[in-house]
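Chemist: build me a structure from this.
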Amino acid sequence: MTLARRAFLRGAAGAGAGAGLAGLTGSAAAGQNGQNASFHGPRQAAVLAEPARHSVVAAFDVIAEDRAELTALLRELTDRARFLTAGGAPAALGITGPPADSGVLGPQVPGGALSVLVGAGASLFDDRFGLAARKPPKLKTMPTFPDDALDPQWCHGDLSLVLNAAEPDTVLHALRDLTRATRGGMQLRWKIDGFSSPPRPSGTPRNLLGFKDGTANPQQSELDRLVWTEDGGSYQVIRLIRMLVEFWDRVSLSEQENMIGRRRDTGAPLDGAAEQDAPRYGEDPIGTVVPLTSHIRLANPRTARTDGERILRRSVNYDRGVDANGNLDMGLVFTCYQRDLERQFEAVQGRLAGEPLTDYVSPFGGGYFHLFPGVTDPADHYGRALLS
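Modeler: Okay, here's the model as predicted:
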């Protein structure tokens, strides 16, 4: 047995008695005093927040050996997420052991600076933990779509993790904290750093093609119908999409706008004047103004039949530097939430197959996950109903 695994098992025993692996007191205090209302609730409410300036999107393989260890893992993951979102002072562990915190954020973890989302992939419901019969009914492994170039090293996972914060050190501190506390129970499969640009000059932030991304999201009143599942969770799609920006930058602006279906400067549809104007497809049946092959028209035709196929998008940009051929490696971490993967995301993806934009983007990774229901109170943890 490895040292990391022995440490995890010792911590798991403590977690079962109400103590976390890292011995930090802020977590329990925050929960008992009701100081972390934004973390507790029937749903993981961070889904509804616009992406913060900095993100980490990651997937993990669970290496816990049985259901008891998986339960301990999810309890510990919950305790650490609760503390990191509430903030507080890490407990002193004495002079002989390693410090309880990396110190990246100083002696006090700021409260309210971080949001955390945790989901489960289809692979968690294999025969390791006896959970096959409890798999969320619409959850499956993300398939390869016609325009994909998927790299297995960047795909799937037992658990997903999305961290968002205004500062990059906040998300990196949280990732280090969570991976240390759960070492021996899960290990990182892939992770990518993301960022969201401020609105320029106003409205929705832009992606690295220069266009506003996320304009036509569902309204608050539509979320129960389109986003949340009956148990308080949601189906999460993560798609890592490289944008061939050097190729894109050699395309004329009018051609770019016809491929997207919006003006680059204002974000308005090609038949409108402002970003939030609804395109008038009924007045343009043959696509004279907004081409029938434009991205926005294929993704959301705005018909009664396709109304229930809409998704809640929460995408961020990424930059991984330069590839082996000297080309810029940057693009989009596309993330969306819905009630039904096939009826919503896959229906949209089917309409987008072969669109003109596919010459300039290349999906290479990601996965399907189901967000756990929310953590309702200090005694609750991610996946409690699933494991009970």
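Chemist: what is the neighbour count of the closest residue to residue 372 other than its chain neighbours?
Modeler: Using CB to CB, 6 or more residues apart in numbering and skipping the chain neighbours, the partner closest in space to residue 372 is residue 382 (4.5 Å). Where you see a C-beta, it was placed from the backbone N, CA and C, and this is true even at glycine. Burial of residue 382 is recorded as 25 neighbouring residues (other CB atoms under 10 Å).
Chemist: pretty sure residue 382 is in contact with residue 74, am I right?
Modeler: Yes - Residue 382 lies in contact with residue 74 (CB atoms under 8 Å); the separation is 4.7 Å.
Chemist: joint contacts of the two?
Modeler: Counting by CB atoms under 8 Å, 6 or more residues apart in numbering, residue 382 and residue 74 have no common neighbour.
Chemist: run a quick neighbour tally on residue 112.
Modeler: For residue 112, using other CB under 10 Å, the count is 13.
Chemist: how about the one 3 residues further on?
Modeler: If you count neighbours by other CB under 10 Å, residue 115 ends up with 25.
Chemist: can I assume it is in contact with residue 166?
Modeler: No - using CB under 8 Å as the test, residue 115 is too far from residue 166 to be in contact (10.4 Å).
Chemist: can you map out the strands along the stretch 201-350 of the chain?
Modeler: In the stretch 201-350 of the chain, the segments counted as strands under DSSP state E, counting those that start in this stretch are 234-243, 312-313, 316-322, 328-338.
Chemist: residue 218 is nearest to which of these?
Modeler: For the strands of the stretch 201-350 of the chain, proximity to residue 218 was assessed by CB to CB; strand 312-313 is nearest, at 5.7 Å.
Chemist: what's that closest one packed up against?
Modeler: strand 328-338 (3 or more CB pairs under 8 Å, 6 or more residues apart in numbering; DSSP states H and E).
Chemist: the strand it packs on: partners in the sheet, and parallel or antiparallel?
Modeler: strand 234-243 (antiparallel), strand 312-313 (antiparallel), strand 316-322 (antiparallel) (DSSP bridges).
Chemist: okay, those in JSON lines with distance to residue 111 next?
Modeler: Shown next, in JSON lines, are the strands paired with strand 328-338 (distance: least, CB to CB, whole Å):
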{"stretch": "strand 234-243", "distance to residue 111": "25"}
{"stretch": "strand 312-313", "distance to residue 111": "26"}
{"stretch": "strand 316-322", "distance to residue 111": "23"}
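Chemist: which of those is buried the deepest?
Modeler: strand 234-243 (a mean of 24; mean count of other CB atoms under 10 Å).
Chemist: what is the mean pLDDT for that one?
Modeler: For strand 234-243, mean pLDDT is 98.
Chemist: quick one: it to chain centroid distance?
Modeler: On the basis of CA atoms, centre = their mean, to the nearest Å, strand 234-243 sits 8 Å off its chain's mean C-alpha point.
Chemist: helices along this structure, start to end?
Modeler: For the chain, helices defined by DSSP state H occupy the ranges 3-16, 26-32, 67-86, 168-181, 223-226, 245-248, 253-260, 295-299, 347-352, 384-387.
Chemist: and the ones you listed, which one's lowest on average pLDDT?
Modeler: helix 26-32 (a mean of 38).
Chemist: look up which residues are beta-bridged to the residue nearest the centre of the chain.
Modeler: Among the residues of the chain, residue 162 comes closest to the average C-alpha position under CA atoms, centre = their mean, at 4.5 Å. Beta bridges link residue 162 to residue 57, residue 117, judged by DSSP bridges.
Chemist: hmm, it is touching residue 335, no?
Modeler: Yes - assessed by CB under 8 Å, residue 162 is found in contact with residue 335 at 7.0 Å.
Chemist: next, show the common contact partners of these two.
Modeler: residue 57.
Chemist: alpha carbons of stretch 189-208, in PDB - could you do that?
Modeler: The C-alpha coordinates for stretch 189-208 follow below in PDB (Å, rounded to 0.1, in the frame of the first residue of the first chain):
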ATOM      1  CA  ARG A 189      -7.000  12.600 -15.200                       C
ATOM      2  CA  TRP A 190      -6.900  15.900 -17.100                       C
ATOM      3  CA  LYS A 191      -7.200  19.600 -16.300                       C
ATOM      4  CA  ILE A 192      -7.200  22.800 -18.200                       C
ATOM      5  CA  ASP A 193      -7.000  26.500 -17.000                       C
ATOM      6  CA  GLY A 194      -9.600  28.900 -18.400                       C
ATOM      7  CA  PHE A 195     -10.300  32.600 -18.300                       C
ATOM      8  CA  SER A 196     -13.200  34.800 -19.100                       C
ATOM      9  CA  SER A 197     -12.700  38.200 -20.700                       C
ATOM     10  CA  PRO A 198     -14.500  41.300 -19.400                       C
ATOM     11  CA  PRO A 199     -17.300  42.500 -21.600                       C
ATOM     12  CA  ARG A 200     -15.800  44.600 -24.400                       C
ATOM     13  CA  PRO A 201     -17.300  47.200 -24.600                       C
ATOM     14  CA  SER A 202     -20.400  45.800 -22.800                       C
ATOM     15  CA  GLY A 203     -22.700  42.800 -22.700                       C
ATOM     16  CA  THR A 204     -21.500  39.300 -23.100                       C
ATOM     17  CA  PRO A 205     -17.800  38.400 -23.000                       C
ATOM     18  CA  ARG A 206     -16.100  37.300 -26.200                       C
ATOM     19  CA  ASN A 207     -14.400  34.100 -27.100                       C
ATOM     20  CA  LEU A 208     -11.000  33.900 -28.900                       C
END
